[in-house]
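[1] Build me a model:
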Amino acid sequence: MTHMHIPDGILPVWLWLSGLFLMALALSVCLFSLRSMDAKKKIPLLGAVSAVMLVSMSLEILPIAYHINLSVVAGILLGPALGFISAFITNLILALMGHGGITVVGLNTLLLGSETVLGHTLFSLMGQRLPVFWRAAVVTVLTLFTTTLLLIGIVSVSHIDVDAVLHGHEKGVHAEAAPDPAISTFAIVVLSLGSIGWLIEAAVTGAVVKFVAQVKPDLLKHRLHGRQRSPGP
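    Just a heads-up that it's a prediction; the model follows:
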């Protein structure tokens with residue numbers, strides 16, 4: 001839902017250039033933090049998770065026009081740095097497939113990448129308060145709510161026709177100023193329909209993370225620490 005299907009030439013130049021600059025800066029920080037990474041173990045996982053994200057984001061849930069991101073799954077399994085890189089890879093390939101313009105890759109990567117970072121952070125901070133399924137589900141809803149607000153903010157400052165955000169690849173849209181009521185309506189529609197999608201994605205994310213915790217708990221490492229309480233005396 002936080003992936004903008006906007007073709008090139010719609011967003012203001014200053015906005016998409018800022019997105020590309022901030023994305024490049026964030027990628028540089030991520031790559032620097034991964035200098036000592038065990039590539040033999042992490043790169044295959046990065047490829048697998050990115051491929052799953054790519055497939056899920058290419059499919060649309062009708063009639064709410066929602067795309068499952070699996071970004072929180074990526075953040076939990078890969079960590080914040082590799083998760084952000086996975087978001088970049090996924091968005092770049094989607095753009096090459098026609099799901100949004102090349103100039104929008106920066107903003108889309110920042111949105112999806114922030115989901116991986118926030119999802120990882122919240123999941124790690126929740127400790128043993130909830131079983132792993134519910135931890136992942138709650139974190140997913142909180143993360144997607146936050147990034148949807150960021151999406152609404154981007155659309156608001158861009159002053160474009162709000163229909164271009166979700167359906168720009170299907171229409172011949174023009175970069176015309178959108179009146180304030182249009183932004184308000186857009187926010188209501190995105191939050192109301194998006195909340196249905198969040199619940200669906202929360203269930204999928206919870207199931208995936210629970211399955212991984214059962215069959216390959218080493219992939220989660222310290223993020224599962226304290227998941228189960230020690231038996232009492």
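
[2] lowest confidence element among the helices and strands of the chain?
    Across the helices and strands of the chain, mean pLDDT, DSSP states H and E gives its lowest value to helix 163-167, namely a mean of 55.

[3] Which helix or strand lies directly C-terminal to it?
    Counting by DSSP states H and E, the next helix or strand C-terminal to helix 163-167 is helix 180-215.

[4] For that next one, which residues meet the burial criterion?
    When neighbours are counted by 16 or more other C-beta atoms under 10 Å, the buried residues of helix 180-215 are found to be 182-183, 186-187, 190, 193-195, 197-198, 201-202, 204-206, 208-210, 212-213. Where C-beta positions appear, they are placed from N, C-alpha and C, glycine not excepted.

[5] Stretch 31-47 now?
    The neighbour-count check on stretch 31-47 (16+ other C-beta under 10 Å) flags 42, 46 as buried.

[6] Can you list the low-confidence ranges for this structure?
    In the prediction, the chain carries residues with pLDDT under 70 at positions 1, 162-181, 221-233.

[7] For the residue nearest the centre of it, which residues are in contact?
    Using C-alpha atoms, centre = their mean, the residue of the chain that lies closest to the mean C-alpha position is Leu112, 2.9 Å off. Taking C-beta atoms under 8 Å, 6 or more residues apart in numbering as the criterion, Leu112 is in contact with 2-3, 69, 71, 87, 90-91, 147.

[8] which residues in this structure form helices?
    Across the chain, reading from the start of the chain, the helices by DSSP state H fall at 13-33, 39-58, 71-96, 105-125, 132-158, 163-167, 180-215.

[9] How many residues are close by Ile68?
    With neighbours defined by other C-beta atoms under 10 Å, the count for Ile68 comes to 19.

[10] Likewise for Ser28?
    The burial metric for Ser28, expressed as a neighbour count using other C-beta under 10 Å, is 10.

[11] re earlier: the helices of the chain: which one's closest to Ala65?
    Evaluated with C-beta to C-beta, these place helix 163-167 nearest to Ala65, the distance being 6.2 Å.

[12] now Leu25: how far from Thr146?
    Spatial separation of Leu25 from Thr146 under the definition C-beta to C-beta, to the nearest Å is 21 Å.

[13] That should have said Val189, apologies.
    In this view, Val189 and Thr146 are 18 Å apart by C-beta to C-beta.

[14] List phi and psi for Pro63.
    Phi and psi for Pro63, reported as degrees, to the nearest 10, are phi -100, psi 10.

[15] show me the residues around Thr205 that make contact.
    By C-beta under 8 Å, 6+ apart, the contact set of Thr205 is 70, 72-73, 136-137, 139-140.

[16] Now His5. Its backbone dihedrals?
    phi -90, psi 60.

[17] Against Ser50, how distant is it?
    Per C-beta to C-beta, His5 is found 19 Å from Ser50.

[18] Also Asn69?
    Asn69 is 12 Å from Ser50, where distance means C-beta to C-beta.

[19] likewise Met57?
    The span separating Met57 from Ser50 equals 10 Å under the rule C-beta to C-beta.
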